[in-house]
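Undergrad: this is the structure alone, sequence omitted:
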């Protein structure tokens, strides 16, 4: 199966951003992609650098403008398309949500980001309610989405640091893990620290592939976005990548460019890896109860 | 704090192996190490390439010959020493156990390997009963060991593929994770596969450092050990390493040599990383209950 991840730099012009996304998706499909992953909150700037109530005007419903627009594109191109948007679920209730669109343009499912960060420049707890642990449809918050190209373990950004999230998706039969993300450097950090952060980010996501014997797709934002406070900004670090089921990097973009990464995923190889490294066989579920504790002391 | 990991090739001569371990530990201490980690089952050959009932003669009690010998060494040198041995707990009941020896030569604690592999050439399920999920002293199988140099999250080999084990140690306050291990290549695999396996093994252990904001120490065996069946053997791949709390490799040995890796661990840096990347803050413990299931479907 041929998949693509899209990495792009955004501006404050929402229409221009969406138009660019569409062009990049079309280009990926011309290269044969059946499944395309867009980056986190690809419609606009990463607005969480400050806490600003006006930003809630950008939120949208599901279905809504973004799912309509990208649903039409998925249908026209006959692909499965993973989008990411700022969801208004109800008055005063917002989520950071990934929506999977089917080849017929319908909504295959959605995932509401479960782990929400809050760091200087990434004030997400102000905007996003964490996804429900138990959803109104009775499913878990960590439920993969069934599509015509497989069962997709869609997670979002900060989730990528949590082995628990990846494992729960794998235990529910995910065929691959997909992370739309928006992560970058604080320009004030030195080069060594920047390199450690980038390496850590790639390492832990490759490790989710290893631990679960699954391919992992990661679409990250690129470009510099200055802070609305005038207080520096974020240099999004790109480096979108696809890893195979042993964590091997099958393809990777650069730091700075709008880029399409097209990779072939070999499902027979995934099955083979899960036979030689049968980690699910030996999990000590009788000893894992404390994983649901905040701390064990 | 200065730590050391010891990597060595073994032969069938148990006395010679132990003598070599002692010499390497002495050398590490001369280089300033306060904590020394030995590799898995460092007393002999890796005997799990076949299923042979005579091998049970090599098992020993705790306390017993190995803890006496290495306890004396720990006391003489004034270090904390992590050993690994084939434990006879009772008639017909054996474990793969790591024993931590204190500076005064006493036993600080022990960890019985919880995840037991079984692959061609690694027939460990024949020899080792998995560690108890709940121990007779009421503690969990995943309990770190308190020592004069910190709380040590000691795990063994196959455990290294399980993010659950690392997380449980971190949630119990481990200051670092330590993996005595014995892993190598099947000479029949091609070079690409060998490289993927080695990279996966290092990647997932570096990821435990990242996920938990902790240093990770890994001592692996080196050398080729032929199979008693005459059916090829295992080329242990060395590459023992120490990673810092962002998964950054602080030091690493080569594939082939008996080697001492001495590394300084900066505990202030660990604290700093846990402040900038506060993963424990955001765990969705309300959504993790299914981690104790074998499968979710």
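TA: Structure's in. What do you need? In this text, all values refer to a predicted model and were calculated from it rather than measured experimentally. Residues are numbered from 1 along each chain as shown, chains lettered A, B, ... in the order given.
Undergrad: for stretch A:59-74, buried residues please.
TA: In terms of neighbour count (16 or more other Cβ atoms under 10 Å in any protein chain shown), stretch A:59-74 has its buried residues at A:59, A:60, A:62, A:66, A:67, A:69, A:70, A:71, A:73, A:74. The way it works is simple: take the backbone N, C-alpha and C, and place the C-beta from them, glycine included.
Undergrad: contacting residues for the second one?
TA: Meaning residue A:60. Contacts here follow Cβ atoms under 8 Å, 6 or more residues apart in numbering or on different chains; on that basis residue A:60 touches A:66, A:85, A:86, A:87, A:88.
Undergrad: whatever helix or strand residue A:19 lives in packs against which elements?
TA: Assignment of secondary structure by DSSP states H and E places residue A:19 within helix A:14-30. Under the contact definition 3 or more Cβ pairs under 8 Å, 6 or more residues apart in numbering or on different chains; DSSP states H and E, helix A:14-30 sits against strand A:2-7, strand A:35-37, helix A:65-77, strand A:259-264.
Undergrad: mind checking those for the one nearest to residue A:53?
TA: Taking Cβ to Cβ as the criterion, helix A:65-77 is the member of the helices and strands packed on helix A:14-30 that comes nearest to residue A:53, at 20.7 Å.
Undergrad: quick check: angle from that closest one to helix A:14-30?
TA: Angle between the axes of helix A:65-77 and helix A:14-30 is 30 degrees (criterion: axes from the mean of the first three to the mean of the last three Cα atoms, to 10 degrees).
Undergrad: show me what helix A:65-77 is in contact with.
TA: Contacts with helix A:65-77, where a contact means Cβ under 8 Å, 6+ apart, come from A:18, A:21-22, A:25-26, A:29, A:38, A:43, A:60, A:63, A:80-81, A:83, A:85, A:99, A:101-107.
Undergrad: one more pass at 10 Å, please.
TA: Helix A:65-77 is contacted from outside by A:14, A:18, A:21-22, A:25-26, A:28-30, A:33-34, A:36, A:38, A:42-43, A:60-61, A:63, A:79-87, A:97, A:99-108, A:110, using Cβ atoms under 10 Å, 6 or more residues apart in numbering or on different chains.
Undergrad: related to what we said a few turns ago, mean pLDDT and distance to residue B:6 added to the helices and strands packed on helix A:14-30, as CSV?
TA: Output for these, formatted as CSV (pLDDT from 0 to 100; distance: least, Cβ to Cβ, whole Å):
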stretch, mean pLDDT, distance to residue B:6
strand A:2-7, 98, 42
strand A:35-37, 98, 44
helix A:65-77, 98, 56
strand A:259-264, 98, 40
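Undergrad: and the longest helix along chain A, which residues are buried?
TA: The helix of greatest length in chain A, counted in residues with DSSP state H as the criterion, is given as helix A:191-212. Taking 16+ other Cβ under 10 Å as the neighbour-count basis, helix A:191-212 is seen to contain the buried residues A:194, A:196-212.
Undergrad: do the same with stretch A:37-48
TA: Here stretch A:37-48 shows A:37, A:38, A:39, A:40, A:41, A:42, A:43, A:44, A:45, A:46, A:47, A:48 as buried, counting by 16+ other Cβ under 10 Å.
Undergrad: what helix or strand is the fourth one on?
TA: Yep, that's residue A:40 we're talking about. Applying DSSP H and E as the criterion places residue A:40 outside every helix and strand.
Undergrad: report pLDDT for it.
TA: Residue A:40 is assigned 98 on the pLDDT scale.
Undergrad: ok now do the most centrally placed residue in chain A, which residues does it touch?
TA: By Cα atoms, centre = their mean, the mean C-alpha position of chain A lies nearest to residue A:180, the distance being 2.0 Å. Residues counted as contacts of residue A:180 (Cβ under 10 Å, 6+ apart) are A:5-6, A:37-42, A:82-85, A:96, A:98, A:111, A:113, A:154-157, A:160, A:217-221, A:240.
Undergrad: phi and psi next, for it.
TA: Main-chain torsions, residue A:180, degrees, to the nearest 10: phi -70, psi 140.
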